[in-house]
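In: Below is the sequence, then the predicted model.
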Amino acid sequence: MTKARASLVNLSATPYYHCVSRCVRRSFLCGYDAQSQKSYEHRRAWIETRLLTLAKAFCIDICAYAIMSNHYHVVLHINAKAAQSLTNTDVIDRWLAFHQAPVLIQRFRQGESLSKSEYKACCRIIENWRERLMSVSWFMKLLNQYISTQANREDQCSGHFWEGRFKSQALLDDKALAAAMAYVDLNPVRAGIAKQPKHSNYTSIKKRLESLEQNKATPAGLFAFAGNPRKSMPDGIPFRLMDYLALVEWTCHKRQDAGSNQRPPLLTQLNMSSETWLATCAHLECGNVVGSLSSIQAVLPTLGLKRMTGVMIPNR
């Protein structure tokens, strides 16, 4: 049975989610279609640009993404603290970057005198928009609707471009987050499209590697790495960037039976064996949650569930 999105995306459980959206019938609507001999590669650039544009407006950070020929993956972080820190004006400006303003909000922005009831109505609208700015469902809706409209206009047709619902997985702990990011970043390598992460077009890993070559720590639009967990922890992915890149590189080589036997430092930090890590990365898309048994058990009461299907990561 299909679960309600509210039971799958819950900030009380985790702020991290792996989302996947697929083209209808898994057609090659964003790549090269050998059957029709048409190339739609430019649509992958559409998705990447829209994804990064939405991230600037929403209080949702992009940890990783990979845009393939007939689907895309993205690992998202819901930044509730950033959403709550926005002023009313900030919320309005961000939401209206993608929507028309109601007359009442137009009057509010122009500084017109409002009655007490009108002002309260404005505040309700703004708080509703604030919630939407940290909603994975709204983020994915604005991404997929835009691409669908662009593609249908180009093809001079109408109809569905994406499968009805995107798939989401709750990433319950650091092990799950690291595995999901690596799974996404290595998607083109796993599909045989690229031999190395640095050659994987339309991926976050390529963006991060290119940014490093330019002596920049974080590419525009991507969530920064905050370093190893510590008492005073800034916003960011809870690993060191270089440790994560080394782990991705090691995983890539291991898939090709050429990896070093030396354990990457991040695996030690995560308390994961090499075998557990590689098995998790190979079968990550199963179910609605990813995490250790203790993480999964701990989140069930929060979601009001007795059990969930997902990827259970052993302690070692």
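Out: Happy to help now that I have it.

In: A helix includes N10, no?
Out: No. N10 is assigned coil when assessed by DSSP: H, G, I helix; E, B strand; the rest coil, not a helix.

In: check contacts around it.
Out: In this structure, N10 makes contact with A170, T302, L303, judged by Cβ atoms under 8 Å, 6 or more residues apart in numbering. Quick note: C-beta positions are derived from backbone N, CA and C, even for glycine.

In: in the stretch 151-300 of the chain, what spans have low per-residue confidence?
Out: Along the stretch 151-300 of the chain, the parts satisfying pLDDT under 70 run over 231, 256-260.

In: where along it do the strands fall?
Out: Taking DSSP state E, counting those that start in this stretch, the strands of the stretch 151-300 of the chain run over residues 167-171, 289-292.

In: cool, and the stretch 1-150 of the chain?
Out: So, for the stretch 1-150 of the chain - with DSSP E, counting those that start in this stretch - the strands run 16-22, 32-33, 38-39, 60-67, 71-78.

In: partners of the first one, with directions?
Out: So that's strand 16-22. When pairing is defined by DSSP bridges, strand 16-22 lines up against strand 71-78 (antiparallel), strand 167-171 (antiparallel).

In: What's the mean pLDDT across the longest one?
Out: Throughout strand 71-78, pLDDT has a mean value of 97.

In: same deal with stretch 82-100?
Out: In this model, stretch 82-100 has an average pLDDT of 97.

In: now do the same end-to-end measure for it.
Out: Start-to-end span of stretch 82-100 (Cα to Cα, to the nearest Å) is 23 Å.

In: and the chain, what are its domains?
Out: The record's domain parsing of the chain by automatic domain parsing lists 5-82+134-313, 87-132.

In: most tightly surrounded among those domains?
Out: For the domains of the chain, the largest average neighbour count (mean count of other Cβ atoms under 10 Å) is found in domain 5-82+134-313, namely a mean of 18.

In: how distant is it from the center of its chain?
Out: Distance of domain 5-82+134-313 from its chain centroid, counting by Cα atoms, centre = their mean, to the nearest Å, is 5 Å.

In: Same check on stretch 73-85?
Out: 10 Å.

In: all helices of this structure, in order?
Out: Secondary structure of the chain (DSSP state H): helices located at 5-8, 41-57, 80-85, 88-95, 103-109, 116-132, 136-155, 174-185, 187-190, 204-213, 241-255, 265-270, 274-282, 293-303.
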